[in-house]
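Colleague: sequence unavailable; structure follows:
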Ligand code: ATR
């Protein structure tokens with residue numbers, strides 16, 4: 001039986017096993033997908049197991065998306081440019097790091113029929129997922145990408161990595177069409193203070209978090225009369241891309257799959 005894992009810390013909240021095991025069963029694939037919580041000093045050992053091919057592939061989540069890079073033989077262009085790996089697979093005996101968060105975001109936005117082209121995007125936060133958002137948004141031809149992060153030097157690091165982006169101080173609200181909450185603030189129902197007077201009603205509020213379904217950030221967007229969306233579809237599509245890489249099959253995304261992730 002083939003074995004797949006998601007590694008991270010914390011990992012308890014991860015819904016990847018639920019989704020992948022559902023698709024594995026649906027496609028009659030003899031494999032199992034589990035989650036493992038690793039400490040940083042356990043990663044090397046884990047990779048020794050992968051290299052012996054005792055493990056057939058794995059997903060990587062916070063905080064290891066960059067940590068795993070030295071253990072890989074090759075990176076996809078997207079993983080290289082974002083320095084972020086969320087999916088690992090074997091290719092001709094080599095361990096290859098991919099970033100499926102990028103196409104996950106792109107496919108999620110496309111499925112909503114929202115057009116990023118020529119739009120001004122404001123991203124709140126500068127954590128692990130932001131390089132992938134910036135890469136996807138540039139590919140989708142956003143006219144401006146601005147980062148605002150509480151710790152300004154992390155926003156500056158992103159500016160050094162992607163020189164086309166702008167940065168503003170935390171609390172500053174430049175003009176935007178779409179605002180993305182990529183901070184972890186919504187996880188425990190904390191609130192972001194935004195100057196709502198300036199916002200208007202023709203904006204798109206997007207939160208990368210999908211649990212809770214509606215963060216205070218999305219509640220605010222809705223209350224002001226704007227379009228809102230959480231990160232559930234992005235999560236599903238990044239898993240879809242990983243599944244395709246490992247099994248060469250496009251799994252179904254239907255209401256059953258959408259409901260599956262609501263049960264918890
Ligand atoms: P990491 O930073 O380790 O990659 P993450 O969960 O991907 O972790 O990112 C957390 C993001 O939420 C960061 O942008 C963080 O801001 P800092 O860089 O200033 O830490 C942001 N964040 C978390 N708690 C916050 C808070 N109370 N107010 C504002 N931003 C917060």
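Modeller: Happy to help now that I have it. Being a predicted model, the structure only gives us computed values, none of them experimental.

Colleague: next up, the contacts around the spatially closest residue to residue 177 that is not a sequence neighbour.
Modeller: Excluding its sequence neighbours, the residue lying closest to residue 177 (CB to CB, 6 or more residues apart in numbering) is residue 119, at 4.1 Å. Quick note: C-beta positions are derived from backbone N, CA and C, even for glycine. The contact partners of residue 119, taken as CB atoms under 8 Å, 6 or more residues apart in numbering, are 142, 143, 177, 178.

Colleague: closest to residue 212 out of the residues you listed?
Modeller: residue 178 (20.7 Å; CB to CB).

Colleague: show me the beta-bridge partners of that closest one.
Modeller: residue 121, residue 204 (DSSP bridges).

Colleague: you'd agree it is up against residue 124?
Modeller: No: at 11.5 Å, residue 178 and residue 124 do not qualify as touching, with contact defined as CB atoms under 8 Å.

Colleague: which residues touch the closest residue to residue 213 other than its chain neighbours?
Modeller: Excluding its sequence neighbours, the residue lying closest to residue 213 (CB to CB, 6+ apart) is residue 230, at 5.9 Å. By CB under 8 Å, 6+ apart, the contact set of residue 230 is 206, 207, 209, 210, 213, 214, 215, 218.

Colleague: right, and the pair among those residues with maximum separation?
Modeller: The widest separation within the contacts of residue 230 (CB to CB) is 13.5 Å, between 206 and 213.

Colleague: more neighbours, these two?
Modeller: residue 206 (27 against 12; other CB atoms under 10 Å).

Colleague: for that one, what are its contacts?
Modeller: 178, 179, 180, 181, 228, 229, 230, 231.

Colleague: the same query, at a cut-off of 10 Å, please.
Modeller: 105, 108-109, 112, 114, 121, 123, 133, 178-182, 217-218, 221, 227-231, 234 (CB atoms under 10 Å, 6 or more residues apart in numbering).

Colleague: which SSE is it in?
Modeller: Residue 206 belongs to strand 204-207 when assigned by DSSP states H and E.

Colleague: next, the buried residues of whatever helix or strand comes next after that strand.
Modeller: Next in sequence after strand 204-207, counting helices and strands by DSSP H and E, comes helix 216-223. Residues 216, 217, 218, 220, 221 are the ones in helix 216-223 that count as buried (16 or more other CB atoms under 10 Å).

Colleague: the closest residue in space to the last one that isn't next to it in sequence: neighbour count?
Modeller: By that I understand residue 221. Spatial nearest neighbour of residue 221, excluding adjacent residues (CB to CB, 6+ apart): residue 205 at 2.8 Å. Applying other CB under 10 Å, we find 23 residues neighbouring residue 205.

Colleague: and residue 205, how far from residue 35?
Modeller: 30 Å (CB to CB, to the nearest Å).

Colleague: for this protein, which helix extends over the most residues?
Modeller: Longest helix in the chain, counting residues (DSSP state H): helix 232-247.

Colleague: contact partners of the helix or strand that comes right after that one?
Modeller: Later in the chain than helix 232-247, the nearest helix or strand by DSSP H and E is helix 255-260. With CB under 10 Å, 6+ apart as the test, helix 255-260 has contacts from 15, 18-19, 22-23, 26, 232-233, 236, 239-240, 251, 254.

Colleague: what are the phi and psi values at the closest residue to residue 172 other than its chain neighbours?
Modeller: Spatially, and ignoring its direct neighbours in sequence, residue 172 is nearest to residue 148 (6.3 Å; CB to CB, 6+ apart). The phi/psi pair for residue 148 (degrees, to the nearest 10) reads phi -130, psi 120.

Colleague: wait, residue 148 sits on residue 159?
Modeller: No: Residue 148 is not in contact with residue 159 according to CB atoms under 10 Å; the separation is 11.9 Å.

Colleague: these two: which has the busier surroundings?
Modeller: residue 148 (23 against 15).

Colleague: who's that one bridged to?
Modeller: Under the criterion used (DSSP bridges), residue 148 bridges to residue 124, residue 168.

Colleague: how much space between it and residue 93?
Modeller: Using CB to CB, residue 148 is found at 44 Å from residue 93.

Colleague: one more: residue 56?
Modeller: 13 Å.
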